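Enquirer: predicted model and sequence below, questions to follow.
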Amino acid sequence: MARTTSRERTRLSLIATAAAVALGFAGWTGSSWYAAAHDDSARFAETRDEVLAAGEQAVLNMNTLDHRDLEHGLDTWERSATGSLLEELRKGRSEFEKQVRNARTVTKAEVLSGAVTELDAREGRAGVLIAMRITVDPPKKKPSSKESRLLGELTRTGEGWKLSGLGQAPAGEAPTDTPSD
């Protein structure tokens, strides 16, 4: 039987130690990955991103309308809404159609930025703040643009997140003079 030398034992010991460290690292990495994949904060972040995307799209839809394709535009508004907002849109639709047809305007919106202001995933409610540039193109006049901040309330439905409320965000006033020390 061959005898192992001290050098071979040291080498085998180093190999065994390296294998144990690699196995330990693999176990730690795997358990960390599993914990992250099943963490509530990861699901919350996904829901937050979903709410923001739905909110931005719905607010964009509600601020875009072309008199030449009015039926489609108003249908898109209704598909973007739920609850009392949807009821309000349906109730005032015929009068609003008359106004837009007479004005013959084309309104286009662009999302500048957006943020989720609140999120209750369990209750299926959320809030968003969306900054937009809205351009109105009336007949025989130059288009005009304005920037606006809108607050949207969203409700989770069977078809996804939809607007249940929409309004102007309050504009803060800048201080006119600075306090002295």
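Expert: That came in fine, so what should we check first?

Enquirer: measure residue 125 to residue 63 for me?
Expert: Distance of residue 125 to residue 63, computed by Cβ to Cβ, to the nearest Å: 22 Å. Using the backbone N, CA and C atoms, a C-beta is placed for each residue, glycine as well.

Enquirer: scratch that, residue 11 is what I was asking about
Expert: 72 Å.

Enquirer: look at those two and report which has more neighbours.
Expert: Each of residue 11 and residue 63 has its neighbours counted (other Cβ atoms under 10 Å); residue 63 has more, 22 against 12.

Enquirer: what about the nearest residue to that one once chain neighbours are set aside, how many residues close to it?
Expert: Counting by Cβ to Cβ, 6 or more residues apart in numbering, residue 63 lies nearest to residue 109, which is 3.6 Å off, once chain neighbours are set aside. Residues lying near residue 109 (other Cβ under 10 Å) number 19.

Enquirer: next up, phi/psi of residue 109, please.
Expert: Main-chain dihedrals, residue 109, degrees, to the nearest 10: phi -120, psi 150.

Enquirer: please apply the same query to the one 5 residues further on.
Expert: Backbone geometry at residue 114, expressed as degrees, to the nearest 10, gives phi -150, psi 160.

Enquirer: gap between it and residue 53?
Expert: When residue 114 is compared with residue 53 (using Cβ to Cβ), they lie 9 Å apart.

Enquirer: what about these two, which has more around it?
Expert: residue 114 (21 against 14).

Enquirer: tell me the contacts of the residue nearest to residue 63?
Expert: Neighbour list for residue 109: 59-60, 63-64, 132-135 [criterion: Cβ atoms under 8 Å, 6 or more residues apart in numbering].

Enquirer: cool, and residue 144?
Expert: So residue 144 contacts 135-136 (Cβ under 8 Å, 6+ apart).

Enquirer: please enumerate the strands of this protein.
Expert: Applying DSSP state E to the chain gives strands spanning 65-66, 106-120, 125-137, 144-157, 160-168.
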